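*Asks:* Sharing a sequence plus its predicted fold:
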Amino acid sequence: MTATATRVLVLNSGSSSVKYQLIDMNDGTRLAVGLVERIGEQTSRLAHTPLAAGGDKRETEGAIADHDAALKAVAAELAADGLGLDSPQLAAIGHRVVHGGLKFTEPTVIDDAVLKEIERLVPVAPLHNPANITGIRTAQAMRPDLPQVAVFDTAFHATMPEYAARYAIDVETADAHRIRRYGFHGTSHAYVSRKTAALLGKDPSEVNVIVLHLGNGASASAVAGGRCVDTSMGLTPLEGLVMGTRSGDIDPAVTFHLKRVAGMSTDEIDALLNKKSGLIGLCGDNDMREIRRRIDEGDERARLAFDIYIHRLKKYIGAYSAVLGRVDAVAFTAGVGENAAPVREAAVAGLEEMGMAVDASLNAVRSDEPRLISPEYARVAVAVVPTDEELEIAQQTYALVNA
Ligand SMILES: Nc1ncnc2c1ncn2[C@@H]1O[C@H](COP(=O)(O)OP(=O)(O)O)[C@@H](O)[C@H]1O
Ligand SMILES: CC(=O)OP(=O)(O)O
Ligand SMILES: [Mg+2]
């Protein structure tokens with residue numbers, strides 16, 4: 001790394017998308033940001049904004065077959081603005097890696113052994129780790145000389161007490177197969193819980209926060225004094241809240257029933273629960289904007305899907321209030337949490353006895369800034385706190401390569 005290398009490229013590869021940011025760590029300037037969506041479909045879309053060049057957003061539509069092709073398209077966009085991956089100013093590439101298992105609880109420079117372990121974990125993050133691996137390999141091929149750093153979704157949750165992390169199943173079987181609650185979206189839960197403390201003018205060690213990360217994947221966490229003490233996702237990112245396409249919590253016996261009685265294979269059940277359940281399974285749409293539009297038109301299926309989503313969310317707010325004992329703040333984040341005012345309103349409705357309420361006019365405000373949406377009198381602060389997984393990954397990456 002040369003003395004002038006102060007930039008970090010962050011790749012957040014999801015199952016069918018890549019979000020990326022190129023950040024100068026000297027002053028935190030975002031040089032370029034972008035998103036590739038619907039990878040693997042005919043209607044893929046790349047939206048690239050070269051902020052450094054003062055440029056407008058450029059959008060390209062057309063089939064992008066896989067994450068390798070997506071990353072090459074991103075590299076070409078960056079190169080067009082003189083921000084290519086060949087730049088000597090690039091210090092490192094930071095990768096979001098969803099599952100780190102028991103081994104990885106800190107940001108880690110990726111070598112062959114690390115990559116092998118991320119690969120071994122594919123069965124417990126089937127929608128995510130394969131995309132993360134492709135992103136890493138493609139980036140390595142482009143810049144074999146550069147440190148590539150993995151920042152794990154699971155890392156922040158490693159502090160959970162044993163009684164929260166362990167499932168109540170036979171201990172020998174669980175240990176033999178490393179079956180336990182790992183939790184995901186940890187980079188976001190860490191970032192948002194810290195930001196929430198700052199919004200309250202407190203140090204993270206002083207506050208207890210319930211973080212609701214509601215994106216396409218969704219998870220809740222209970223953070224006590226800056227440490228995660230419980231989270232809704234488990235061995236895999238399937239457990240917990242109702243999500244865009246995932247069921248979240250169900251009776252595990254549903255799977256035996258689907259196999260024995262409905263005659264489905266394990267792979268079919270996996271696909272059913274991960275890809276054809278949640279909001280899309282309930283009403284045919286996984287985008288909260290579309291669901292709200294349908295509700296406004298009187299669509300009953302969309303209404304029921306919304307109510308099921310909210311009921312589950314409310315149960316986790318209650319559960320984590322009990323786990324924390326004292327709640328200082330509830331923070332909504334990610335695509336749904338940051339944008340869907342009706343979700344925030346409905347999730348907190350009726351919780352006045354627990355000190356939680358939402359002020360309608362504050363809730364209606366649209367902003368990229370962290371903000372309170374609870375009325376003055378409420379004991380618990382309810383907040384919208386935009387997440388920034390890419391910035392958090394960039395900071396952890398840069399700190400590691402400079403250590
Ligand atoms: N303006 C909006 N109103 C309501 N929901 C929104 C809005 N914008 C985005 N969303 C929701 O956010 C989801 C995407 O969230 P995001 O955090 O980007 O997810 P992921 O990182 O899992 O892809 C969309 O599927 C949609 O449901
Ligand atoms: C872990 C997980 O569910 O991630 P995402 O929300 O990006 O799908
Ligand atoms: Mg996300």
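*Replies:* Yep, it's here. Residues are numbered from 1 along each chain as shown. Ligands and ions are numbered 1, 2, ... in the order given.
*Asks:* For the rest of this, base every contact and every neighbour count on C-alpha atoms.
*Replies:* Fine.
*Asks:* give me the number of residues near the closest residue to ligand 2 within the chain?
*Replies:* Nearest residue of the chain to ligand 2 (Cα to the nearest ligand atom) works out as Gly217 at 3.3 Å. Using other Cα atoms under 10 Å, Gly217 is surrounded by 22 other residues.
*Asks:* my guess is it meets Glu239, correct?
*Replies:* No. Using Cα atoms under 8 Å, Gly217 is not in contact with Glu239, being 10.3 Å away.
*Asks:* rewinding a little: can you tell me the helix or strand for the nearest residue to the residue of the chain closest to ligand 2 once chain neighbours are set aside?
*Replies:* For Gly217, ignoring the flanking residues on the chain, the nearest one in space by Cα to Cα, 6 or more residues apart in numbering is Met243 at 5.4 Å. Using DSSP states H and E, Met243 sits within no helix or strand.
*Asks:* how many other residues sit next to Met243?
*Replies:* Number of residues near Met243 (other Cα under 10 Å) recorded here: 26.
*Asks:* can you tell me which residues contact it?
*Replies:* Leu214, Gly215, Asn216, Gly217, Ala218, Gly278, Leu279, Asn286, Tyr309 (Cα atoms under 8 Å, 6 or more residues apart in numbering).
*Asks:* mind running it again at 7 Å?
*Replies:* Contact analysis of Met243 by Cα atoms under 7 Å, 6 or more residues apart in numbering lists Asn216, Gly217, Ala218, Gly278, Leu279.
*Asks:* And it, how far from Val98?
*Replies:* 17 Å (Cα to Cα, to the nearest Å).
*Asks:* Which residues does the residue nearest to Gly337 when sequence neighbours are not counted form beta bridges with?
*Replies:* Nearest non-adjacent residue to Gly337, counting by Cα to Cα, 6+ apart: Leu214, 5.1 Å away. Applying DSSP bridges to Leu214 gives these bridge partners: Ala218.
*Asks:* Return the distance of Leu214 relative to Arg181.
*Replies:* 19 Å.
*Asks:* Leu324 now?
*Replies:* Distance from Leu324 to Arg181, by Cα to Cα: 18 Å.
*Asks:* and if you look at Ala53?
*Replies:* 44 Å.
*Asks:* Domains in the protein, by residue range?
*Replies:* Taking automatic domain parsing as the criterion, the chain consists of the domains 7-152, 201-389.
*Asks:* Include mean pLDDT when you put those into TSV, please.
*Replies:* As requested, the domains of the chain are arranged in TSV below (pLDDT from 0 to 100):
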stretch	mean pLDDT
domain 7-152	95
domain 201-389	98
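*Asks:* Let's have those domains in JSON lines, adding distance to Glu162.
*Replies:* Listed next are the domains of the chain as JSON lines, based on distance: least, Cα to Cα, whole Å:
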{"stretch": "domain 7-152", "distance to Glu162": "13"}
{"stretch": "domain 201-389", "distance to Glu162": "10"}
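*Asks:* So for ligand 1, which of those domains sits nearest?
*Replies:* domain 201-389 (3.2 Å).
*Asks:* start to end distance for the closest one?
*Replies:* 22 Å.
*Asks:* Can you point out the buried residues in the helix or strand hosting Ala113?
*Replies:* Assigned by DSSP H and E, Ala113 belongs to helix 112-120. Buried residues in helix 112-120, counted by 16 or more other Cα atoms under 10 Å: Val114, Leu115, Ile118, Glu119.
*Asks:* from the residues you listed, which is closest to Ala399?
*Replies:* Within those, proximity to Ala399 (Cα to Cα) peaks at Val114, which comes in at 18.8 Å.
*Asks:* Pretty sure the residue of the chain closest to ligand 2 sits against Gly244.
*Replies:* Yes. Taking contacts as Cα atoms under 7 Å, Gly217 lies within contact range of Gly244: 6.4 Å.
*Asks:* which bits of this structure sit near ligand 1?
*Replies:* Contact residues, the chain versus ligand 1 (Cα under 6 Å from any ligand atom): Gly215, Asn216, Gly217, Asn286, Asp287, Met288, Arg289, Ala334, Gly335, Val336, Asn339, Ala340.
*Asks:* dump the residue contacts of the fourth one.
*Replies:* Same thing as Asn286. Shown in contact with Asn286 (Cα under 7 Å, 6+ apart): Gly244, Thr245, Leu279, Ile280.
*Asks:* Tell me where the stretch 201-350 of the chain has strands.
*Replies:* Using DSSP state E, counting those that start in this stretch, the strands of the stretch 201-350 of the chain run over 208-214, 218-224, 227-231, 329-333.
*Asks:* Can you add mean neighbour count and give those strands back as TSV?
*Replies:* Formatted as TSV, those follow (neighbours: other Cα atoms under 10 Å):
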stretch	mean neighbour count
strand 208-214	29
strand 218-224	27
strand 227-231	25
strand 329-333	26
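*Asks:* Please produce TSV containing these, extended by distance to Met264.
*Replies:* TSV is the format used below for the strands of the stretch 201-350 of the chain (distance: least, Cα to Cα, whole Å):
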stretch	distance to Met264
strand 208-214	30
strand 218-224	26
strand 227-231	30
strand 329-333	36
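*Asks:* Of all those, which one comes closest to Glu41?
*Replies:* strand 218-224 (23.3 Å).
*Asks:* what packs against that closest one?
*Replies:* strand 208-214, strand 227-231, helix 300-324 (3 or more Cα pairs under 7 Å, 6 or more residues apart in numbering; DSSP states H and E).
*Asks:* from the chain's centre, how far out does the shortest one sit?
*Replies:* Relative to the centre of its chain, strand 227-231 is centred 15 Å away, using Cα atoms, centre = their mean, to the nearest Å.
*Asks:* Run the angle between that strand and strand 208-214 for me.
*Replies:* Calculated by axes from the mean of the first three to the mean of the last three Cα atoms, to 10 degrees, strand 227-231 forms an angle of 50 degrees with strand 208-214.
*Asks:* likewise the longest one?
*Replies:* When the same axes, to 10 degrees is applied, the directions of helix 300-324 and strand 208-214 differ by 160 degrees.
*Asks:* This completes my enquiry, with thanks.
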